[in-house]
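Participant: Structure for this input, please:
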Amino acid sequence: MNNKRTTLLTLTQMRPDIPYALPGGGFVTLTLFTDRLGSQLHLLTVSNGRLVFTVILERGMDIGGVWLDSEKISWKRDERYLLHPEHVDLSDNEHSGWDSGFYAAVAAIGPEIFGTPDEIRTVHGTGSYSPALLESIRLVWDERQICLEGNVPVRGYGTLPVYEKTIRMITNYGAAALFREDTVRNLTDTPQPVDDGYHIQLAGTFMSGGGSYVLPVSSKKLLLRDSAPPEEDPFAVYDSETRLDPIRCYQYVPEPVEGLSDLPQVRDYCAAAGDGQELTAEMLVNAGKDAAAYVIRSLQCYPRSLVAKRAIVDCMYALEPCKTRPNSIKQKTIDGEIVYIGPRGQCTGWIILGATRDPQEITALTHLIRSAAK
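Facilitator: This is a model prediction of the structure:
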């Protein structure tokens, strides 16, 4: 934050269920949530006066839900999935233990692995099931923006953590977007793979009548995985009455999208606007083309993507920025895809999440993204 007139609030200074007023009509509220098995989680609700998001501290600081102008833009998920990590057996790969607590709008995947488990690693890693250090949580704000940050020792598979994450979320007052940055540190004296990303659910009720994905890739470059039956239109998002099973997952390499660095929602965040990084974007647009939600990120951080589609009870239309294809670590090593961080080293990735009800903005962003498809 550039403004020297900053204010700091720690978790220990907050009383549950009492909003703490911030400038610009914003607020922050601490809620103590008891899951269906009796364990308590700490949820922070942060508002910039327009955009509201929740953060689940015991769940790797995952973003639980996102609202814009009181409209929820992330998926509607039953709270029975909001579980404390102690109630989730991540090693139950046969029944996908990771999915048993899959609740968040933005769930951290990795940092150990993005995708297929092996003899050591569970599916999707343990970052989303790693409690933050409550004493590290702090909210800092000035006259322009709000920043929430904290440290998360990654649960891992041994007695001592191999990784630790520092997570920051920043939003400007009155903005329709937020910036999230995850820095992964190697706590050991040997190189470690970092294979992370996010599972992002921005198909809220505004998509209930159907719509489409807007992606920086042509349909012929979308690779349908796992022998699922093909769709007539892989970009389609179906209305809430249409069932889609089994899951369809498409992997692809997104193209860079020109012009993103000029957008105000990118310029607002120094880490996103600097360094001349190539940027890309993906978006969900409703059938009326008057509501959309999007993700912008650096291709340097996350050079690959997946979309995951399933509509049984919950309508899951996900965006998944990632470093590698969702294969086993063994296969990724053979393919030369693995990114390593050196002893005591670190690497950082970031995304910008946003939404809009402005048809002109939707048309302009659609044109930018689709112009990148080759």
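
Participant: you'd agree Val266 is in a helix?
Facilitator: Yes - counting by DSSP: H, G, I helix; E, B strand; the rest coil, Val266 is part of a helix.

Participant: Please enumerate the strands of the stretch 201-350 of the chain.
Facilitator: 211-214, 223-224, 236-237, 244-252, 279-286, 292-298, 304-311, 315-322, 340-341, 346-356 (DSSP state E, counting those that start in this stretch).

Participant: Listing partners with orientation, what would you give for the fifth one?
Facilitator: On the basis of DSSP bridges, the sheet neighbours of strand 279-286 come out as strand 211-214 (antiparallel), strand 292-298 (antiparallel).

Participant: now the longest helix belonging to the chain: mean pLDDT?
Facilitator: Criterion DSSP state H: the longest helix present in the chain is helix 359-372. Mean pLDDT, computed over helix 359-372, is 97.

Participant: next one: stretch 159-176
Facilitator: Averaged across stretch 159-176, the pLDDT comes to 96.

Participant: And for stretch 119-136?
Facilitator: 94.

Participant: same deal with stretch 22-39?
Facilitator: Taken as a whole, stretch 22-39 has an average pLDDT of 96.

Participant: Quote the end-to-end distance of that stretch.
Facilitator: Length of stretch 22-39, first residue to last, C-alpha to C-alpha, to the nearest Å: 30 Å.

Participant: May I see the buried residues of it?
Facilitator: For stretch 22-39, the neighbour count (16 or more other C-beta atoms under 10 Å) marks 22, 24, 26-30, 33, 35 as buried. Where you see a C-beta, it was placed from the backbone N, CA and C, and this is true even at glycine.

Participant: With stretch 297-316 instead?
Facilitator: Buried residues in stretch 297-316 (16+ other C-beta under 10 Å): 297-299, 301-311, 315-316.

Participant: in this protein, which helix or strand is least confident?
Facilitator: Lowest on mean pLDDT, DSSP states H and E among the helices and strands of the chain sits helix 270-273, with a mean of 64.

Participant: most centrally placed residue in the protein?
Facilitator: With distances taken as C-alpha atoms, centre = their mean, Val106 lies nearest the centre of the chain, 3.3 Å away.

Participant: tally of neighbours for the residue nearest to that one when sequence neighbours are not counted?
Facilitator: Leaving out its chain neighbours, the residue that sits closest to Val106 by C-beta to C-beta, 6 or more residues apart in numbering is Ile63, at 3.8 Å. Applying other C-beta atoms under 10 Å, we find 24 residues neighbouring Ile63.
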